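**Q** Sequence first, predicted coordinates after that:
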Amino acid sequence: MNLQHVAEVLDQVRKANPLVHNITNVVVTNFTANGLLALGASPVMAYAKQEVADMARIAGALVLNIGTLNEQEIEAMLIAGKAANEQRVPVIFDPVGAGATPYRTETARKIVGELNIAVIRGNAAEIANVIGERWEIKGVDAAEGSGDVVALAKKAAQQLKMTVAITGKDDVVTDGATVYVVHNGHSLLTKVTGTGCLVTSVIGAFAAVEKDYAAAATAALVSYGVAAQLAADEAAEYGPGSFQIAFLNQLAKVGAEAISQYGSFTKVE
Amino acid sequence: MNLQHVAEVLDQVRKANPLVHNITNVVVTNFTANGLLALGASPVMAYAKQEVADMARIAGALVLNIGTLNEQEIEAMLIAGKAANEQRVPVIFDPVGAGATPYRTETARKIVGELNIAVIRGNAAEIANVIGERWEIKGVDAAEGSGDVVALAKKAAQQLKMTVAITGKDDVVTDGATVYVVHNGHSLLTKVTGTGCLVTSVIGAFAAVEKDYAAAATAALVSYGVAAQLAADEAAEYGPGSFQIAFLNQLAKVGAEAISQYGSFTKVE
Amino acid sequence: MNLQHVAEVLDQVRKANPLVHNITNVVVTNFTANGLLALGASPVMAYAKQEVADMARIAGALVLNIGTLNEQEIEAMLIAGKAANEQRVPVIFDPVGAGATPYRTETARKIVGELNIAVIRGNAAEIANVIGERWEIKGVDAAEGSGDVVALAKKAAQQLKMTVAITGKDDVVTDGATVYVVHNGHSLLTKVTGTGCLVTSVIGAFAAVEKDYAAAATAALVSYGVAAQLAADEAAEYGPGSFQIAFLNQLAKVGAEAISQYGSFTKVE
């Protein structure tokens, strides 16, 4: 795994244009779809229990996000997830706000318990809450906390038996054995809603073409982070509105050259 | 029907500021509302079965879109559609993803079967699936396919007894007799989610003021396509984020002069 | 209450970064979250009856918005509102489209009847309809009408026993005794969907840190209006798309200097 491989996986995403089936929250649907389109993937949102299995089966990846969960949506997620599992379509899970309310925590645990998840992506507090570790959280946008994120990620990966991606100032990705730390990204991402949800969907697009899911998630986070840095270079002085637009532009533009120049990750174990 | 008439209908939309009642998908609600506002129409979204009939009756047009359909929404669409039909409010229908799942195909057919639809707007695959023709589709963003789009549109219009607008590289509009082909638009529209859904709602705004629905749909597609071309002239080099914003700007600006200069459609039958 | 106090409250919002729990409509979720983030607050959207009480209890403010209401959402609003009331978390209410359909009017009245609301924010027609006064309305974007807005606001505040904020060309805020009229804002706000809904949520952020709710609402409206004016200075010539982005930028930038230079409100009673 090196920056050249990151760029190759990104290129494969653009060539394959994978269908990414999202069951996600109402706040981020538009931004998620636009981000995936900009990157070169093909987003679809479908929620009804009558069709989610059909859609998940033809998708390159299924992304489940509990940002504005409700009973019907959870039911649909489980139906879609089981269909995806049968068809070996990778399922990516974003446990938004796990720990903020018991309902979210329980739902997140139910999903990781009943489905075969390829990658779970959250901030440290969310991942900690999914596995029952203590971590501070306020609402759905958790602070970094002071814990050891690498240790948390490894523990979660081993306990849940799935690839774990914890995003924050640095991002940590591990399948329980190999650990990557990604140094890309920009603080302005925290001033635009849905940038965490979108990166989960982008991991879905990468997992559709790269079956080593730790490599897929790492490649996604590097590409995404470099796009954010390029966007911040252009737009940080104007503010979060301009950054959001510049970021969509850069998701369409980021490629091998920018990745080789700005991409930064280390294999720590 | 000529470019002067296109500009006149656009002008009438801005003067009448018609209320366009949308029952649409969660991905595009914001973009649809902003696009209609920019153009000069007055959007409203209302979904509850308790109020959709009341809202549809006072609207200039009712737009139904099954992009993220569910049982409650289908029920609401039928209630709203029947109220609109009684009041002779034109109903515009966007069969998003018909063919992608059986649930969407069946729902689309139910809606065209139970309601009196003024205009159905979709890509070739969606329209083909509504009338049971074979056409390729992946997710909700179908490729052009290789069929004869004019023949498909005419067949659909005659079979469904409604005006059909098939959008793609060129757009085809027909009431089953007269056929217009619109040459405006820009490929960047396919990189912004909801541009198909928005044009359906824009056709609604035009149908509120022009009762020849083939003329209304053609005028809407020309105006929309010219706005997209002007936006691409400004923003294509930056990317899809900037294009989206420039497009909203141009929906507010496009007028008689730009339409006479860039508008392009032909009456082929 | 003067411009210095406005700037101080804004500053307190940014320092406290209050969690604002929104149960709002599907059109504006993304824009509301981005607006609150830009301003310096911490948005969360949560709708499920299983979790809204938990979320409301830990919030700095709860914002209820009936823009795309349905039965489940109304139930959730009442549960969340009661939990907020018990915990003395201020509840801000936006009766979107009250008067447009009987369902909205009845729901708005149910909410103000069953909950202890800190601030209700609407246009004149919506507020009039909540208290059973006659006022013209079309869809959810009501015209100014010709009534005496100050008298209407005072009557509503006295009858409902809550702070009332009526927005329009000028904004009127009153707790039934003191009356403020805010002269800031810009007409382009009416060309971007959700700017009314967002200001309601911004009032929530201010009410989280300023317990004189008339002062909180006035400070919110002045700050918001000044941001809009600064955005219009930059972007009005381009159109509503650019204005929307410039406005998000300015929500992040607006501070004591701009408020002292452009802020404008009068205490009329």
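**A** That came through fine. Remember, it's a predicted structure, so these values are computed and weren't measured experimentally.
**Q** secondary structure class for the closest residue to A:G40 other than its chain neighbours?
**A** With C-beta to C-beta, 6 or more residues apart in numbering or on different chains as the criterion, A:G40 has its nearest non-adjacent residue at 3.6 Å, and that residue is A:R14. For every residue, glycine as well, the C-beta is placed using N, CA and C. Here A:R14 is recorded as helix under DSSP: H, G, I helix; E, B strand; the rest coil.
**Q** Let me know how buried A:R14 is, in neighbour terms.
**A** Per other C-beta atoms under 10 Å in any protein chain shown, the neighbour tally for A:R14 reads 15.
**Q** Verify the contact between it and A:S42 for me.
**A** No - if you go by C-beta atoms under 8 Å, A:R14 and A:S42 don't touch, sitting 10.9 Å apart.
**Q** and A:V164, that one's in a helix?
**A** No - assessed with three-state DSSP, A:V164 is strand; it does not lie in a helix.
**Q** So it is in contact with A:V173, correct?
**A** Yes - the pair A:V164 / A:V173 is scored as a contact, 7.2 Å apart, by C-beta under 8 Å.
**Q** Which neighbours do those two have in common?
**A** Residues touching both A:V164 and A:V173 (C-beta atoms under 8 Å, 6 or more residues apart in numbering or on different chains): A:A153.
**Q** Next to chain B, which bits of the stretch 1-150 of chain A? Give me the list.
**A** A:19, A:21, A:26, A:29-30, A:33-34, A:37-38, A:42-48, A:50-51, A:54-55, A:58-59, A:72 (C-beta under 8 Å from any C-beta of the partner chain).
**Q** from those, which are also near chain C?
**A** Intersecting the residues of the stretch 1-150 of chain A next to chain B with the contacts of chain C gives A:26, A:29-30 (criterion: C-beta under 8 Å from any C-beta).
**Q** Go through these and flag which are in strands.
**A** Among these, DSSP state E puts none in strands.
**Q** Low-confidence stretches in the stretch 1-150 of chain A?
**A** Confidence mapping of the stretch 1-150 of chain A against pLDDT under 70 gives the ranges A:136-147.
**Q** residue boundaries of the helices in it?
**A** Ranges of helices in the stretch 1-150 of chain A, per DSSP state H, counting those that start in this stretch, are A:3-16, A:29-39, A:52-58, A:71-86, A:102-114, A:124-130, A:149-160.
**Q** Going by neighbour count, list what's buried in the third one.
**A** For helix A:52-58, burial by neighbour count (16 or more other C-beta atoms under 10 Å in any protein chain shown) applies to A:52-58.
**Q** how about the residues of the stretch 101-250 of chain A that lie near chain C?
**A** Contact residues (C-beta under 8 Å from any C-beta) of the stretch 101-250 of chain A with chain C: A:101-104, A:138-141, A:190-194, A:238-242, A:244-245.
**Q** A:K267 contacts A:A177, doesn't it?
**A** No - between A:K267 and A:A177 there is no contact, the gap being 11.0 Å when judged by C-beta under 8 Å.
**Q** So which of the two has more stuff around it?
**A** Set side by side, A:K267 and A:A177 show more neighbours around A:K267, with 13 against 10, by other C-beta under 10 Å.
**Q** Show the pLDDT at that one.
**A** pLDDT for A:K267: 96.
**Q** A:L198 now?
**A** pLDDT for A:L198: 98.
**Q** didn't it look like it was pressed against A:T29?
**A** No - using C-beta under 8 Å, A:L198 is not in contact with A:T29, being 10.6 Å away.
**Q** Report the set of residues contacting both of those two.
**A** Here A:L198 and A:T29 have no joint contacts, going by C-beta under 8 Å, 6+ apart.
**Q** wait, does stretch A:202-214 make contact with chain B?
**A** No - Stretch A:202-214 stays clear of chain B (C-beta under 8 Å from any C-beta), getting no nearer than 12.4 Å.
**Q** what comes up buried for that stretch?
**A** Neighbour-count burial for stretch A:202-214, counted by 16+ other C-beta under 10 Å, picks out A:202-210, A:212-214.
**Q** now it: mean pLDDT?
**A** Averaged across stretch A:202-214, the pLDDT comes to 98.
**Q** got the contact list for that stretch?
**A** By C-beta under 8 Å, 6+ apart, the surrounding residues in contact with stretch A:202-214 are A:9-10, A:12-13, A:16, A:18-20, A:22, A:35-36, A:39-41, A:59-63, A:90, A:92, A:118-119, A:121, A:163, A:165, A:173-175, A:178, A:180, A:216-217, A:219-221, A:223-224.
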